[in-house]
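**Q** Everything below, folded, please.
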Amino acid sequence: MADAPLSEAFEGESQLTDEEKTRRLVLHFAFPRTLMTCDTIDGRSTEQELNTVLAEMAWGTRIAETSEWDLRSEAPTLDPPDESLISYAEYLREKYPIDPGVEETTAEENRKTLAKLCGGFTNPSEPGQKFRPMYDQMVKCLTFSKQVLKGYNINKVCMNEAEMKEDPSLEDWQNITRFGRFQILPAFWVLLSFLVKEKRRFSIVFRSFGKEEVPLIQKELKYFCQGQHPCYNGGNKTKKPPNMSGEKGSKDFRLQEEYIGQMDRMGKKLEFIKRNAEKKKEEEAVKTENEAEKDAAEGDTLENDMLTGPTFTPTVYEFDGMDHPPFHKTYAGMGKEILEECYTCAIQDDYEFWVGKGRQAQAGKLLLVDDAETKIQHIMFDGHVQAGDAHCVDVRNVVNGETIPYDDAKDIYCHRVNIWSAITDEQYFVKQVAASELKMSQQIVARKKAKLQSDMEMGPAELLALLKDKEKVPPKEYLYRTVIPALMPALEVAQRDRPEDPIQFIAFYMLRHQRQYAKSIKP
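**A** Residues are numbered from 1 along each chain as shown. This next block holds a predicted model:
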């Protein structure tokens with residue numbers, strides 16, 4: 001393969017338009033194993049969840065004599081270092097099955113056993129005790145700095161949320177700092193600051209199966225955007241983020257109530273119950289009324305109309321088999337209305353629907369993408385995505401409504417979060433966004449090249465038939481079918497080498513490689 005020019009990050013990058021290079025990002029974030037360390041749905045504290053994560057990422061073998069599990073891997077990894085190894089969590093699921101075929105009482109007992117064993121994986125005398133340093137490292141990365149702990153008079157770091165419930169009587173900053181550690185991963189805050197400083201066009205969409213996570217992120221995000229977050233305010237030797245509150249010409253990334261939606265997959269709709277569907281029309285109506293009021297043409301009538309207030313209609317985007325494509329209203333509503341009006345929104349996904357469908361990806365968090373769109377990139381970050389299976393994320397092509405296979409969506413539209421790395425590396429999300437952008441850019445270039453090649457290729461008989469009456473063939477098509485295929489190798493080399501005189505370069509190239517192309521059309 002020819003080397004790419006020094007100015008290109010990868011071969012063919014120059015074929016991207018400016019809008020494709022700096023495409024708009026729509027970043028979807030799940031909560032457990034992605035932005036947060038506890039799991040409110042399954043009732044796991046941060047201590048239990050970190051142990052469970054390590055149980056999923058520790059690889060070993062079964063001891064033949066005892067059928068017990070023995071740790072073999074040196075560090076936590078999403079995938080096994082060797083295909084013969086099995087994770088401790090997988091080993092336990094085989095030993096204590098909870099599959100649909102298992103009797104419910106037995107399955108419930110097995111769930112409790114699994115939760116207990118995985119939740120204490122790194123404890124003394126447990127199979128994962130050698131991974132205890134990794135657990136301690138994650139705790140250290142989540143713990144506030146010494147200056148912040150001292151500044152807020154925090155003496156203890158709590159890893160069990162049940163021990164310190166939120167107290168409505170306390171100030172917000174007290175509830176945010178009550179555990180002595182981050183509830184939202186620092187890597188997320190670092191990503192926000194980075195994208196704003198880089199002046200990227202992006203939106204954030206929080207995705208949650210539970211009901212408790214959104215209010216938490218809404219509160220912390222508000223203070224972060226206003227530069228008032230206890231750990232990001234410039235005090236106690238902390239860094240203050242760029243303004244994201246809408247003030248002083250900044251974009252407002254705070255999450256407003258009207259942009260919190262609910263996905264109802266059984267009812268086939270996405271609802272934003274606090275957003276008025278007639279918002280823009282009503283704003284125009286109010287403007288018109290105000291102008292008329294100033295003219296005093298119908299002062300009394302307008303005053304009475306204003307007192308009644310505008311009609312409120314919740315925003316509902318439906319999707320069903322009657323439409324084709326079935327999801328176009330939802331996709332257009334999100335892209336042309338919701339994400340045009342705000343930079344941050346949230347969707348509570350349909351957990352019951354997913355569970356009722358056997359926890360299959362096709363019933364998971366719906367991610368609609370236009371696979372042919374090159375100026376917008378949706379990326380779902382979810383730590384529950386599995387190897388070779390989107391599991392809880394349903395990536396759909398909005399054009400035809402069909403599921404995009406995980407292998408095609410992987411690291412372009414759907415990213416499997418490595419929570420170990422996300423906790424221990426503050427640059428994790430910055431790196432993964434860049435990697436996903438690169439992969440999509442390479443895909444765009446590959447498709448452009450394939451389309452051009454397809455347009456140019458035609459068999460001799462087919463070409464002869466097309467050119468039989470040359471006067472009726474459009475000029476562009478005539479050149480594409482006859483001249484461009486011969487020029488293409490020379491053009492590719494010229495693009496790669498960037499000669500000072502490209503015309504002369506191409507002419508000499510054609511003379512030196514006369515055997516690569518035919519000089520006439522013959523039957």
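
**Q** ok but residue 275 is inside a helix, no?
**A** No: using DSSP: H, G, I helix; E, B strand; the rest coil, the secondary structure at residue 275 is strand, not a helix.

**Q** Surely it and residue 315 touch.
**A** Yes: look at residue 275 against residue 315 with Cβ atoms under 8 Å: they come within range, at 4.4 Å. For the C-beta atoms, the positions are set from N, CA and C on the backbone; glycine is no exception.

**Q** The two: who's more crowded?
**A** residue 275 (23 against 20; other Cβ atoms under 10 Å).

**Q** ok, that one - contacts?
**A** 258-259, 314-315, 338 (Cβ atoms under 8 Å, 6 or more residues apart in numbering).

**Q** again, only using 10 Å
**A** For residue 275, the contacting residues are 256-261, 312-316, 337-338, 341-342, 345, by Cβ atoms under 10 Å, 6 or more residues apart in numbering.

**Q** Can you show me the helices along the stretch 51-200 of the chain?
**A** With helices called from DSSP state H, counting those that start in this stretch, the stretch 51-200 of the chain shows them at 88-95, 104-119, 132-142, 146-151, 172-177, 186-197.

**Q** can you tell me the distance between the two ends of stretch 373-391?
**A** One end of stretch 373-391 to the other measures 25 Å (Cα to Cα, to the nearest Å).

**Q** Just the buried positions in stretch 311-321, please.
**A** Neighbour counts over stretch 311-321 (16 or more other Cβ atoms under 10 Å) mark 315-319 as buried.

**Q** and what of stretch 357-371?
**A** Neighbour-count burial for stretch 357-371 flags 357, 361, 363-369, 371 (criterion: 16+ other Cβ under 10 Å).

**Q** quick check: mean pLDDT across it?
**A** Across stretch 357-371, pLDDT averages out at 94.

**Q** centre of the chain versus that stretch, how much separation?
**A** Put simply, stretch 357-371 sits 13 Å off its chain's centre (Cα atoms, centre = their mean, to the nearest Å).

**Q** Residue 74 versus residue 266, what's the distance?
**A** Using Cβ to Cβ, to the nearest Å, residue 266 is found at 45 Å from residue 74.

**Q** My error: substitute residue 265 in the last question.
**A** From residue 265 to residue 74 the distance is 42 Å (Cβ to Cβ).

**Q** Just want to know which of those two has more residues nearby.
**A** Between residue 265 and residue 74, counting by other Cβ under 10 Å, residue 265 is the more crowded of the two (20 against 11).

**Q** from memory the more buried one sits against residue 320, does it?
**A** No: judged on Cβ atoms under 10 Å, residue 265 makes no contact with residue 320 at a distance of 11.1 Å.

**Q** Which ones among the buried residues of stretch 311-321 map onto strands?
**A** Mapping the buried residues of stretch 311-321 onto strands (DSSP state E) picks out 315-318.

**Q** which residue packs closest to residue 358, ignoring adjacent ones?
**A** residue 100 (6.4 Å; Cβ to Cβ, 6 or more residues apart in numbering).

**Q** so what's that neighbour up against?
**A** Residues near residue 100 by Cβ under 10 Å, 6+ apart: 107, 358-359.

**Q** ok, the residue nearest the centre of the chain to residue 340 distance?
**A** Most central in the chain under Cα atoms, centre = their mean is residue 380, positioned 2.2 Å from the mean C-alpha point. Taking Cβ to Cβ as the measure, residue 380 falls 20 Å from residue 340.

**Q** ok, now how distant is residue 410 from residue 361?
**A** 12 Å.

**Q** Quick check: neighbours shared by the two?
**A** Joint contacts of residue 410 and residue 361 (Cβ under 10 Å, 6+ apart) are 385, 390, 395.

**Q** Let me have those residues in a markdown table, extended by pLDDT.
**A** Formatted as a markdown table, those follow (pLDDT from 0 to 100):
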| residue | pLDDT |
| --- | --- |
| 385 | 96 |
| 390 | 95 |
| 395 | 97 |
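
**Q** on that earlier part again, dihedrals phi and psi, the residue nearest to residue 358?
**A** phi -50, psi -30 (degrees, to the nearest 10).

**Q** What does the pLDDT read for it?
**A** Here the pLDDT value assigned to residue 100 is 80.

**Q** ok, which stretches of the stretch 401-523 of the chain are helices?
**A** 406-409, 419-424, 428-456, 460-467, 475-482, 484-497, 502-512.

**Q** May I see those arranged in JSON lines, with distance to residue 63, mean pLDDT and mean neighbour count as well?
**A** Formatted as JSON lines, those follow (distance: least, Cβ to Cβ, whole Å; pLDDT from 0 to 100; neighbours: other Cβ atoms under 10 Å):
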{"stretch": "helix 406-409", "distance to residue 63": "33", "mean pLDDT": "96", "mean neighbour count": "17"}
{"stretch": "helix 419-424", "distance to residue 63": "26", "mean pLDDT": "98", "mean neighbour count": "22"}
{"stretch": "helix 428-456", "distance to residue 63": "35", "mean pLDDT": "89", "mean neighbour count": "16"}
{"stretch": "helix 460-467", "distance to residue 63": "65", "mean pLDDT": "63", "mean neighbour count": "13"}
{"stretch": "helix 475-482", "distance to residue 63": "66", "mean pLDDT": "72", "mean neighbour count": "14"}
{"stretch": "helix 484-497", "distance to residue 63": "56", "mean pLDDT": "78", "mean neighbour count": "16"}
{"stretch": "helix 502-512", "distance to residue 63": "65", "mean pLDDT": "85", "mean neighbour count": "13"}
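
**Q** For residue 201, find the nearest of those helices.
**A** helix 428-456 (12.3 Å; Cβ to Cβ).

**Q** Show me the shaky parts of this structure.
**A** Scanning the chain for pLDDT under 70 picks out the ranges 1-7, 279-310, 321-324, 455-470, 472, 477, 481, 515-523.

**Q** what about the strands in it?
**A** 24-29, 59-62, 69-71, 86-87, 202-208, 260-264, 269-276, 314-318, 344-348, 365-369, 376-382, 393-397, 414-416.
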